[in-house]
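Asks: Any chance you could fold what I've pasted below:
(one chain, ligands or ions: 2)
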Amino acid sequence: NEVQFAASNKLKNTNYQNVYNDIANVIRENDEHDDYIGSGPVLLRLAWHASGQFDSKQEIKGGSYNGTLRFDKELSDPSNAGLKYAFDLLKPIYKKYNHQISHGDLFTLAGVVAVQEMGGPKIPWRYGRVDGDIETVPLNGRLPDANQNANYVRNFFHRLNFLEDKEIVALIGAHCVGKTHLKNSGFEGPWGAATNMFTNEFFRNLLTEKWVLEKNEAGNQQYNNDKGYMMLPTDMALVQDGSFKKIVEEFANDESSFFKVFSSAFNKLLENGIKFEKSSPVLYFKTLDEQDI
Ligand code: HEM
Ligand SMILES: Nc1c([N+](=O)[O-])cnc2ccccc12
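Replies: Ligands and ions are numbered 1, 2, ... in the order given. Predicted coordinates for the structure are as follows:
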């Protein structure tokens, strides 16, 4: 049930470091987004949502391959509220490369750029996804519900073929950047403490802060501390479950361990359901800083 693809020759001529740099420059130019958090976090969420609706048991499998998040049918899924802004940031880049890059490749590459430009680990990436038509849009409602517990989280990620707790905890560690917005998801915060630096701080906060469960203005329960930080119920699940909690402690004490697991798990998320040819190269990108740009 894997998707075959043929990477057309045109793709091979595209210098993907140039595409990376164009996306990285869009992040630099839009640094005022969301009270100067910037647009890294929302681009990272776009790449995750473009890939996280994968379900190998369904007729229409989802995943990043068909680039279906470009269709309103999927972008209007309530789970994707707020992502139109991110897609609009990428449209000029899609036009510039004039069909030499697919939407699936563009959305997933944007996630790699966001993580690396926010100081996170290098993420290996491959091109060759081919845009599918509107019939390939998966049903809405396949992305996770934040009002849930550890078993829900574990089962959800099992659907995405993440069978190891380490991968699940690492992926949710992406909540070290950005924030929740009441109008998008019915959750709000953190206030002031939201960051655009990709670190293991999320895990340290889970363990060291005093969390109080409160009902927010939208009537949803969330955990708040006295510094204006917040955690979703599914975030807190990571310290309510014994196995998850051991991994949170490992990542809180060793950022390089978090980075290593996140890098391979995020790559796997972005490639779910896709069979790449043996010959298709695994690309690693330099950050703008590393290129002195
Ligand atoms: C149990 C799984 C997950 C749940 C329930 C969840 C839920 C949410 C919710 C409710 C928001 C707030 C959206 C808004 O109000 O704008 C959010 C934001 C975010 N999520 Fe997740 N998420 C999950 C996993 C992930 C994963 C696996 C990643 C990436 C690898 C990710 C990356 C992000 C980022 C970067 C933001 C901040 C976006 C921004 O600042 O605009 N999340 N998530
Ligand atoms: N910054 C965040 C935190 N935090 O601790 O700063 C916790 N959970 C989040 C969930 C979604 C997006 C951002 C989050």
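
Asks: hey, let's count contacts and neighbours off CA atoms from now on
Replies: Will do.

Asks: Would you enumerate the residues in contact with the closest residue to ligand 2 within the stretch 51-200 of the chain?
Replies: Nearest to ligand 2, among the residues of the stretch 51-200 of the chain, is residue 179, at 3.7 Å (Cα to the nearest ligand atom). Residues in contact with residue 179, defined by Cα atoms under 8 Å, 6 or more residues apart in numbering, are 188, 189, 190, 194.

Asks: And the first one, how far from residue 277?
Replies: Right, the one you point to is residue 188. 43 Å (Cα to Cα, to the nearest Å).

Asks: Those two: which is more packed in?
Replies: residue 188 (22 against 12; other Cα atoms under 10 Å).

Asks: For stretch 30-41, measure first residue to last.
Replies: Across stretch 30-41, first to last residue, Cα to Cα, it's 12 Å.

Asks: repeat for stretch 160-176
Replies: End-to-end for stretch 160-176, by Cα to Cα: 21 Å.

Asks: what's residue 140 in contact with, if anything?
Replies: 74, 77.

Asks: is it true that it lies in a strand?
Replies: No. Applying DSSP: H, G, I helix; E, B strand; the rest coil, one finds residue 140 to be coil, outside a strand.

Asks: That one and residue 68, how far apart?
Replies: Distance of residue 140 to residue 68, computed by Cα to Cα: 11 Å.

Asks: Common neighbours of these two, please.
Replies: residue 74.

Asks: Could you identify the helix or strand that succeeds the helix or strand hosting residue 236?
Replies: Using DSSP states H and E, residue 236 falls within helix 233-240. Toward the C-terminal end, the helix or strand that comes next after helix 233-240 (DSSP H and E) is helix 242-253.

Asks: Would you indicate which residues of that following helix are buried?
Replies: 244, 245, 247, 248, 251, 252 (16 or more other Cα atoms under 10 Å).

Asks: And for stretch 203-217?
Replies: 203, 204, 205, 206, 207, 211.

Asks: Could you tell me which of those are located in helices?
Replies: If you go by DSSP state H, these have 203, 204, 205, 206, 207 in helices.

Asks: Do I have it right that the first one meets residue 252?
Replies: This points to residue 203. Yes. With contact defined as Cα atoms under 8 Å, residue 203 and residue 252 form a contacting pair (5.0 Å).

Asks: follow-up on the earlier one: ok now the helix holding residue 236, how far from the chain's centre?
Replies: 18 Å (Cα atoms, centre = their mean, to the nearest Å).

Asks: what do you get for stretch 130-141?
Replies: For stretch 130-141, the distance to the chain centre is 19 Å (Cα atoms, centre = their mean).

Asks: In TSV: the contacts of residue 179, plus pLDDT.
Replies: Listed next are these as TSV, based on pLDDT from 0 to 100:
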residue	pLDDT
188	96
189	92
190	91
194	79
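
Asks: List only those of those flagged as buried.
Replies: Applying 16+ other Cα under 10 Å to these flags 188, 189, 190, 194 as buried.

Asks: Any chance of a markdown table for those, columns distance to ligand 2?
Replies: Formatted as a markdown table, the buried ones among the contacts of residue 179 follow (distance: Cα to the nearest ligand atom, whole Å):
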| residue | distance to ligand 2 |
| --- | --- |
| 188 | 9 |
| 189 | 7 |
| 190 | 6 |
| 194 | 5 |
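
Asks: Just flag the most distant two among these.
Replies: Across those, no pair lies farther apart than 188 and 194, at 11.1 Å, counting by Cα to Cα.

Asks: Contact distance from ligand 2 - what residues of the stretch 101-250 of the chain qualify?
Replies: Contact residues (Cα under 6 Å from any ligand atom) of the stretch 101-250 of the chain with ligand 2: 175-180, 190, 194, 202, 229-232.

Asks: Sort these by pLDDT and name the bottom one.
Replies: The lowest pLDDT within those belongs to residue 194, with 79.
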